[in-house]
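Undergrad: Sequence plus the predicted model coming up.
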Amino acid sequence: MRWCEVSTGETFEALSTPVGRYEWTPLLTTIPIWFEITSLVVLSAIILGDLVLAYRRPHIPSARECAAWVGLYVLLALVFAGLLFWVADIELAGQFVAGWLTEYSLSVDNLFVFLIIMNQFKVPKQFQQEVLMVGILIALVLRAIFIIIGAQLIENFSWVFYIFGAFLLYTAFQQAFTGFEDEERTEGRIIKFFRKRFAISDTFNGGKLRIKIDGRRMFTPVLIVIVALGATDLVFALDSIPAIFGITQNPFLVFAANVFALMGLRQLYFLLGDLIEKLVYLKYGIAFILGFIGVKLVLHAMHGNELPFLNGGQPIQWAPEISTWISLAVIVGAMSIATVASLFRLKRDRQGKLRQS
């Protein structure tokens, strides 16, 4: 048995066979377990600290405060990518960055629905931080569950990539041409269910979940808002987890990318505010990303095909593997073009209104 370094930087192991031939197989770099444990402890501490701050200081954050927090969380994600490069390799660091940007893009999509929910229930702005933090924690729990399920499916059934890819292509079409109607219908049904079965007051009482009115214990509308946010998180998790598995199949990187994407989402909500609704082309950028990753997943499944009714159960050799760096370029390019195009559209609309007035 011997080792050799090739020009691509990958390490290969040469296995001698009985007939004297050699079979070359790539050895994947693993992330040290101490790094994974330390990272999860630190990330949990940051999330807990953010939760405590949201509950101890209920207020409407300024744009400057929000920008500082969002910048800090972006910096932490980039530092984490640098540490991954140091303890593992550039490929895994690149997978994390591409996965993080994908999840961040989809999280911005989440904010649009969060804004609708907050406006629909007229949640006082000073208490929106607390409600959003609960919604983000629900999202983390749901995504952790889906990551575990997804990782097990991928490990035991490689053909699941075909299903993930087809689902993302369908989601991309829905995102581009239908918007948020399905999510709103889902929320509506769940909210009606809760209103029929629980005593819920018509007004908020600070950030309290339960209050006593005329001696009767009742839930406040905060419960309905949390349920609506949870329903939204569930729907978006069904989209986002298959998407990031198209970037990396490492469960730790998948979860870390989700955590970093959700960190600072509360501050980003207040920073963007009404601008989210005005980024009219954003949904097309997200749809393009989902469609691209859907195609990538299908090609990946074809490249390692095991389905007996396709090519006799043999890998389809002509199916290309799309690299992490191409994925990263596509994600950054799609979001940049969608954002810039939306801002130009916003500027043009404003100039049109000025001319009319």
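TA: Cool, got the structure.
Undergrad: so where's the stretch 51-200 of the chain shaky on pLDDT?
TA: Applying pLDDT under 70 to the stretch 51-200 of the chain flags residues 58-59, 109, 178-195, 199-200.
Undergrad: again, 80 this time
TA: Low-confidence segments of the stretch 51-200 of the chain (pLDDT under 80): 51-63, 106-136, 139, 153-161, 164-165, 167, 171, 174-200.
Undergrad: Which stretches in it count as helices?
TA: Remark: helices assigned in the stretch 51-200 of the chain by DSSP state H, counting those that start in this stretch are 63-87, 90-120, 125-156, 160-177, 181-197.
Undergrad: quick one, which of the ones you listed is nearest to residue 259?
TA: helix 125-156 (6.7 Å; C-beta to C-beta). For every residue, glycine as well, the C-beta is placed using N, CA and C.
Undergrad: in that closest one, what's buried?
TA: Across helix 125-156, burial judged by 16 or more other C-beta atoms under 10 Å covers 127-140, 142-144, 146-147, 150-151, 153-154.
Undergrad: And residue 242, how far from residue 111?
TA: Distance from residue 242 to residue 111, counting by C-beta to C-beta, to the nearest Å: 21 Å.
Undergrad: Going by how many neighbours each has, rank the two and give me the top one.
TA: The neighbour comparison of residue 242 against residue 111 (other C-beta atoms under 10 Å) goes to residue 242, with 24 against 20.
Undergrad: Three-state assignment for the more buried one, please.
TA: What DSSP: H, G, I helix; E, B strand; the rest coil gives for residue 242 is helix.
Undergrad: How about it, nearest residue that isn't a chain neighbour?
TA: residue 164 (4.0 Å; C-beta to C-beta, 6 or more residues apart in numbering).
Undergrad: Helix, strand, or coil at residue 218?
TA: With three-state DSSP as the basis, residue 218 sits in strand.
Undergrad: should've said residue 212
TA: Applying three-state DSSP: residue 212 is strand.
Undergrad: Which of the three states applies to residue 335?
TA: Following three-state DSSP, we place residue 335 in the helix state.
Undergrad: How about the contacts made by it?
TA: Applying C-beta atoms under 8 Å, 6 or more residues apart in numbering to residue 335 gives the contacts 101, 105, 285, 286, 289.
Undergrad: Then residue 341?
TA: residue 281.
Undergrad: got it, and residue 226?
TA: Per C-beta under 8 Å, 6+ apart, neighbours of residue 226: 131, 134, 135, 138.
Undergrad: Can you tell me how far the first one is from residue 344?
TA: Remark: distance between residue 131 and residue 344 (C-beta to C-beta) = 34 Å.
Undergrad: what's the spacing between stretch 282-302 and its chain's center?
TA: Chain-centre distance of stretch 282-302: 14 Å, with C-alpha atoms, centre = their mean, to the nearest Å.
Undergrad: Doesn't residue 322 belong to a helix?
TA: No - applying three-state DSSP, one finds residue 322 to be coil, outside a helix.
Undergrad: what's next to stretch 135-148, contact-wise?
TA: Residues outside stretch 135-148 that contact it (C-beta under 8 Å, 6+ apart) are 47, 51, 110, 114, 226, 229-230, 232-234, 236-238, 240-241, 251, 254-255, 258-259, 262, 265-266.
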